[in-house]
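>>> What follows is a predicted structure for the sequence shown.
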Amino acid sequence: MVQRGATVTATKLVLVVAAISASLPALASASPVRDGTSPASPSVVIVNGTSAEIGFMDNAFIYCRIQLPHAQDSLHHYRIEWHNSSEETVPTWSQDAHVYTLGSGSHVPHSYLVFQDFTSRLSGDYSCSVKRNGVALSSRRIAVR
């Protein structure tokens, strides 16, 4: 029985990664800042908007990316983190997790908040923040229902 559970989990993870990969071109070209302007400091953008509705037992992801103020600014100074409604950091992937992050770390300009087998207990406000040396520079929230 453990073997079947591991196979189902691996299959779900492959489907989530495939969905993310298929969405990358459209998400990467989304422009959060009007042409000709730039923010004064690094900020984060949740490309999905300010709210998301996920169906019962569906798999979905929310995409957050860093908007750097200057092209010469180096990504290795920044880190993206996701937090839940209780302000707890959302962990990275684990086999039994129903909500986790992918892609958060230094040198990575984006992060995914992934929901697997969504239920109402996962509903709430989630925030994506960009940090430098542990200090939050910018944060955005999304209501997930």
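That came through fine.

>>> does residue 101 really touch residue 108, like I thought?
No - look at residue 101 against residue 108 with CB atoms under 8 Å: they stay out of range, at 10.6 Å. Bear in mind the C-beta positions are built from the backbone N, C-alpha and C, glycine included.

>>> So which of those two has more stuff around it?
Remark: of residue 101 and residue 108, residue 101 carries more neighbours, 23 against 16, as counted by other CB atoms under 10 Å.

>>> May I have the helix or strand where that one lies exported as PDB, CA atoms only?
Per DSSP states H and E: residue 101 is located in strand 99-102. The C-alpha trace of strand 99-102 is given here as PDB (Å, rounded to 0.1, in the frame of the first residue of the first chain):
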ATOM      1  CA  VAL A  99       0.700  23.300   0.500                       C
ATOM      2  CA  TYR A 100       4.400  23.900  -0.200                       C
ATOM      3  CA  THR A 101       6.800  26.200  -2.100                       C
ATOM      4  CA  LEU A 102       9.000  25.500  -5.100                       C
END
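
>>> Confidence-wise, which helix or strand of the protein is lowest on average?
helix 2-29 (a mean of 54; mean pLDDT, DSSP states H and E).

>>> So which residues make contact with the strand holding residue 101?
17, 20, 61, 82, 84, 90-94, 111-116, 122 (CB atoms under 8 Å, 6 or more residues apart in numbering).
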